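here is my input, please return the structure:
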Amino acid sequence: MSAQVEEKRDYFWIYVGVATIALVGAVVMAKLSENDKYDPIRQQQAAESAQMNIRIIKDY
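Numbering: from 1, shown residues only. Take a look at the predicted model:
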């Protein structure tokens, strides 16, 4: 009888790594899509800030 030893690989950590990368990718994609949604509001705030940024010089 010849003893053949089969080595089984445990893919648990590979599965955990792939799931983690997929989850992080989904969160990053969701955050990037929110940036596009709020760009007009940021532009409006910048324009209002530029209009309010004036200096008043008083003569005494």
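
who's in contact with residue 43?
Counting by Cβ atoms under 8 Å, 6 or more residues apart in numbering, residue 43 makes contact with nothing. Glycine gets a C-beta too; all of them are placed from N, C-alpha and C.

quick one: it from residue 10, how far?
Using Cβ to Cβ, to the nearest Å, residue 43 is found at 52 Å from residue 10.

ok, residue 30 next?
Distance of residue 30 to residue 10, given as Cβ to Cβ: 32 Å.

and what of residue 16?
11 Å.

what about these two, which has more around it?
Counted by other Cβ atoms under 10 Å, residue 16 and residue 10 do not tie: residue 16 has more neighbours, with 10 against 7.

give me every residue that touches that one.
By Cβ under 8 Å, 6+ apart, no residues touch residue 16.

I'd like the average pLDDT over the helix or strand hosting it.
If you go by DSSP states H and E, residue 16 is part of helix 12-52. Throughout helix 12-52, pLDDT has a mean value of 89.

how far is it from where the chain is centred?
4 Å (Cα atoms, centre = their mean, to the nearest Å).

if I look at residue 49, how far off is residue 38?
Counting by Cβ to Cβ - residue 49 and residue 38 are separated by 16 Å.

let me see the confidence value for residue 8.
70.

and it, how many residues sit next to it?
Residue 8 has 5 neighbouring residues, counting by other Cβ under 10 Å.

sec struct for it, please.
Look at residue 8: counting by DSSP: H, G, I helix; E, B strand; the rest coil, its state is coil.

show the contacting residues for it.
Contacts for residue 8 (Cβ under 8 Å, 6+ apart) come out as none.

residue 19 versus that one, what's the distance?
Counting by Cβ to Cβ, the gap from residue 8 to residue 19 is 21 Å.

for residue 48, same thing?
Counting by Cβ to Cβ, the gap from residue 48 to residue 19 is 44 Å.

with residue 51 instead?
Applying Cβ to Cβ, the value for residue 51 to residue 19 is 49 Å.

can you report how many residues lie near residue 26?
When neighbours are counted by other Cβ under 10 Å, residue 26 registers 10.
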